[in-house]
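In: Just the structure for this:
(chains A and B)
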Protein chains: 2
Amino acid sequence: MNLLKEKILEEGHVLSANILKVDSFLNHQMDPVLMYKIGEEFAKRFEGEIITKVLTVEASGIAAALMTGLVLGVPVVFAKKKKPSTMDGAFFSGRIHSFTKNETVDIVVASKYLKSEDRVLIIDDFLATGEAAKGMIEIARQAACHLVGVGICIEKSFQDGGKQLREIGVRVETLVSINALTNGKVDFV
Amino acid sequence: MNLLKEKILEEGHVLSANILKVDSFLNHQMDPVLMYKIGEEFAKRFEGEIITKVLTVEASGIAAALMTGLVLGVPVVFAKKKKPSTMDGAFFSGRIHSFTKNETVDIVVASKYLKSEDRVLIIDDFLATGEAAKGMIEIARQAACHLVGVGICIEKSFQDGGKQLREIGVRVETLVSINALTNGKVDFV
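Out: The predicted structure follows:
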């Protein structure tokens, strides 16, 4: 997706060999028009698939997921990183570890919002080690729903999350893939 | 906003005299089309005002804020509840206490995303004691930007957050106001 690539070149900051900061348009400040176009692009990539629900995890996945749901006309569920006191009843959960934040959290989704008849598209902002995606896939597995695929805004191809997901047969669509972050530069695939 | 009122009557659950659960369309599962209409309604309420930025707080404020930003054509910033390790440089912060979650957090916004020339519209899903709104107003104050107003999806008018904000001269626009939550029923203003 050229628009996203250009935005990364213009506004992204390479903080280290592992970390690309895109908080001016994706995950702190957000560009709503770009996010809508990202939603359109995911809808296009998965055209022909029946999708009944979009799943993401708070907080930085919400924008892209919401816009994808708007274009597809289906509800969007975001997994919570902490079980709310008001979440009564059954829930599904997946454990994820964030290497950037150095923390492990159990993400949860109330079971009434994912049914076995659902066909789920998982959306997230980044894919690196695949921890968040795997946590959400675990939730979809517990719900026994059909996983249509995973849509990612930016994949760090030099980390093996995407490879792992593809090896277990998950369809992964990434809008922009990055080979390396070296000398402050972004090297796209 | 009748559409939101109807949705609350159809799908909302009164958990106690203080808690209305709307997680089937607003803050766990989200209805993207409803959220877009909420964005349109906020844009209409503040028509004639110059707005350069929408401000909210993660995670449940993001959807309404993003759609408002999409309709207005301006960037949306969400305050984070934890300072990310990648947030280098200066930031603004406000302390908020959640009575529902019984926790106090310092919300933060990188200072480069709120400038003194900005005219800011704060958007959130709920207004009860006004803690979150006051935390965001404090951030806008630190940034020395102009506060256009606060847009709220659901105000619990039986708690005094809205009263407090209006008393200090803040323009508060709420889409739906609730008088009381009694015997499992929602009593709208």
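
In: which one's the longest helix in chain A?
Out: If you go by DSSP state H, chain A has its longest helix at helix A:32-45.

In: what about that helix, average pLDDT?
Out: Per-residue pLDDT over helix A:32-45 has a mean of 98.

In: I'd like to know which elements the very next helix or strand once past that helix is packed against.
Out: Moving toward the C-terminus from helix A:32-45, the next helix or strand (DSSP states H and E) is strand A:53-57. Contacts defined by 3 or more C-beta pairs under 8 Å, 6 or more residues apart in numbering or on different chains; DSSP states H and E place strand A:53-57 against helix A:62-72, strand A:76-79, strand A:119-127, helix A:131-142. Just so you know, the C-beta spots here come from the backbone N, C-alpha and C atoms, and that holds for glycine as well.

In: now the longest helix of chain A, how far from the centre of its chain.
Out: 13 Å (C-alpha atoms, centre = their mean, to the nearest Å).

In: So what touches it?
Out: Helix A:32-45 has contacts (C-beta atoms under 8 Å, 6 or more residues apart in numbering or on different chains) with A:1, A:3-4, A:7, A:25, A:63-64, A:66-72, A:121, A:123, A:151, A:153, A:173, A:175, B:66-67, B:69-70, B:73-76.

In: And chain B, is stretch A:123-140 touching that?
Out: No. If you take C-beta under 8 Å from any C-beta of the partner chain as the test, stretch A:123-140 misses chain B, and the best it gets is 11.8 Å.

In: centre of the chain versus that stretch, how much separation?
Out: Using C-alpha atoms, centre = their mean, the offset of stretch A:123-140 from its chain centre is 6 Å.

In: Please apply the same query to stretch A:9-29.
Out: In terms of C-alpha atoms, centre = their mean, the centre of stretch A:9-29 is found 16 Å from the chain centre.

In: got the CA coordinates for that stretch in CSV?
Out: Extracted C-alpha coordinates of stretch A:9-29, given in CSV (Å, rounded to 0.1, in the frame of the first residue of the first chain):
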residue,chain,number,x,y,z
LEU,A,9,9.0,7.5,4.9
GLU,A,10,7.7,11.0,5.7
GLU,A,11,6.8,10.6,9.4
GLY,A,12,8.2,7.3,10.7
HIS,A,13,11.2,7.3,13.1
VAL,A,14,13.6,4.4,13.4
LEU,A,15,14.4,4.2,17.1
SER,A,16,16.5,1.0,16.9
ALA,A,17,17.0,-2.0,14.7
ASN,A,18,13.7,-3.3,16.1
ILE,A,19,11.5,-0.3,16.7
LEU,A,20,9.8,1.9,14.1
LYS,A,21,7.8,4.7,15.7
VAL,A,22,4.7,5.7,13.7
ASP,A,23,2.9,7.5,16.5
SER,A,24,2.1,10.6,14.4
PHE,A,25,-0.5,8.8,12.3
LEU,A,26,-1.1,5.2,13.5
ASN,A,27,-0.9,4.6,17.2
HIS,A,28,-1.0,7.8,19.3
GLN,A,29,-2.0,10.5,16.9
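
In: What residues sit buried inside it?
Out: For stretch A:9-29, the neighbour count (16 or more other C-beta atoms under 10 Å in any protein chain shown) marks A:12, A:14, A:20-29 as buried.

In: Let me see the mean pLDDT of it.
Out: pLDDT averaged over stretch A:9-29 gives 96.

In: quick one: that stretch near chain B?
Out: Yes. Using C-beta under 8 Å from any C-beta, stretch A:9-29 reaches chain B at A:15, A:19, A:21, A:23-25, A:28-29.

In: Nearest to chain B, out of those residues: which one, please.
Out: For the residues of stretch A:9-29 next to chain B, the residue nearest chain B by C-beta to the nearest C-beta is A:Gln29; the value is 4.6 Å.

In: ok, that closest one - contacts?
Out: A:23, B:75-77, B:113.

In: And the residue nearest the centre of chain A?
Out: A:Asp124 (1.1 Å; C-alpha atoms, centre = their mean).

In: That residue and B:Gly151, how far apart?
Out: Note on A:Asp124: its distance to B:Gly151, by C-beta to C-beta, to the nearest Å, is 28 Å.

In: Next: A:Ala133.
Out: Separation of A:Ala133 from B:Gly151 (C-beta to C-beta): 33 Å.
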